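Q: What would the 3D arrangement of this be:
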Amino acid sequence: MRISIIVPVYNVADHLPRCLDSILAQTYADIEIVAVNDGSSDISGEILDRYAANHTNVRVIHKENGGVTSARLRGVAEATGEWIGFVDGDDEIEPDMYKRLLHNAIKYDAQISHCGYQMQFADGRVHYFYNSGTCLEQDRISALRELLSGERIDPGLCNKLFHETLLQGLIQNEVVDTSIRITEDMLMNYYLFAVADKVVYEDWCPYHYIVRSGSATRTKMNKYIIYDPIRVKEIICRDAVKEIQDDAKRAYINTCISTYHSLLCAGAEYREDLRKVRDLLKQEKEGFLLLGKKRALMAWMISCMPVLYKPIYSVYCRYFQKQKYS
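A: Down below sits the predicted model:
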């Protein structure tokens with residue numbers, strides 16, 4: 001069974017060879033790489049063409065810039081594999097990642113097989129998510145609940161292997177909003193998990209997420225960073241089946257709280273955005289009962305006592321919050 005690895009590429013020339021080499025080093029033999037150059041202005045396209053000339057299992061697509069989701073979907077449309085995975089062009093993977101993911105998919109008759117990942121920093125620090133060694137089988141509803149809670153299932157696409165029928169359905173139905181730039185992985189995962197009968201998760205960490213200062217999630221606060229995560233959870237709330245409606249609403253409220261916290265730390269220029277996010281929270285007061293006591297108290301104070309909440313949270317950020325990912 002062939003595995004197609006989709007690699008969206010945008011201005012990552014310094015990291016791209018390491019990424020491609022790690023995929024070419026996979027111990028599973030029948031792998032094709034579909035690399036999509038999403039309008040790069042550096043030499044990423046030249047690097048891809050050179051790899052394609054030297055490796056028969058590397059195919060390159062050059063397109064105008066349209067964002068990572070459009071690049072991934074274009075790659076899926078061109079893929080020939082029965083199974084499909086994603087690797088970002090500035091990350092890398094360990095040699096046995098896809099062999100082991102496929103083994104689990106076949107063993108447990110699952111349409112999605114996924115694992116943990118490790119976050120690597122320039123100073124040598126490594127954080128594992130979560131590397132417990134546990135193996136978990138889940139049906140559609142339990143997997144969606146875990147995805148929305150984020151406790152064990154990471155919302156990223158790149159530590160997962162999908163049966164191609166799930167993704168072909170996604171393309172044919174044209175449900176994915178390609179304008180979303182932040183937490184776009186979460187939305188695509190939701191659609192894929194929602195049509196998978198069975199999911200298997202083994203918690204080891206062969207995917208290496210390389211933290212770069214210029215990556216989309218680590219740039220200065222902007223409208224996409226503020227509102228895209230909220231938009232994604234709104235879409236999921238509208239689409240969610242009855243069994244997970246409370247889970248979706250809980251995820252939406254928690255995202256509003258987290259966004260509000262980010263805006264508090266971002267400065268006075270985001271005062272209007274603070275008000276807008278607080279207004280969204282105020283509309284969800286009945287849903288505060290779905291939260292744990294600490295988060296419910298946060299939501300209530302943000303909604304009803306924002307003037308008091310700001311200095312309290314500022315002190316917490318300054319003296320108590322762990323800066324694990326800076």
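Q: my read: residue 157 touches residue 188, true?
A: Yes - counting by CB atoms under 8 Å, residue 157 touches residue 188, with 6.2 Å between them. (Each C-beta comes from the backbone N, C-alpha and C, glycine too.)
Q: is residue 7 in a bridge, and if so with what?
A: Beta-bridge pairing of residue 7 under DSSP bridges involves residue 35.
Q: Counting neighbours, what do you get for it?
A: Using other CB atoms under 10 Å, residue 7 has 27 other residues around it.
Q: now swap in residue 102 and tell me
A: 19.
Q: Same question for the one 10 residues further on.
A: By the other CB under 10 Å criterion, the neighbourhood of residue 112 contains 25 residues.
Q: Ok, residue 116 next?
A: Residue 116 - counted by other CB under 10 Å - has 22 other residues nearby.
Q: swap in residue 312?
A: When neighbours are counted by other CB under 10 Å, residue 312 comes out with 12.
Q: From residue 281, how far out is the closest residue to it other than its chain neighbours?
A: Distances taken as CB to CB, 6 or more residues apart in numbering place residue 301 nearest to residue 312, at 7.7 Å, with adjacent residues excluded. Remark: distance between residue 301 and residue 281 (CB to CB, to the nearest Å) = 10 Å.
Q: Do I have it right that residue 120 meets residue 207?
A: No - Residue 120 lies out of contact with residue 207 (CB under 8 Å); the separation is 10.4 Å.
Q: Compare neighbour counts for these two and give me the winner.
A: residue 207 (27 against 16).
Q: Would you confirm that that one belongs to a strand?
A: Yes - looking at residue 207 with DSSP: H, G, I helix; E, B strand; the rest coil, it is inside a strand.
Q: can you pull the contacts of it?
A: Residues in contact with residue 207, defined by CB atoms under 8 Å, 6 or more residues apart in numbering, are 87, 91, 93, 94, 97, 115, 116, 117, 118, 158, 159.
Q: 7 Å - rerun?
A: When contacts are counted by CB atoms under 7 Å, 6 or more residues apart in numbering, residue 207 is found next to 91, 93, 97, 115, 117, 158, 159.
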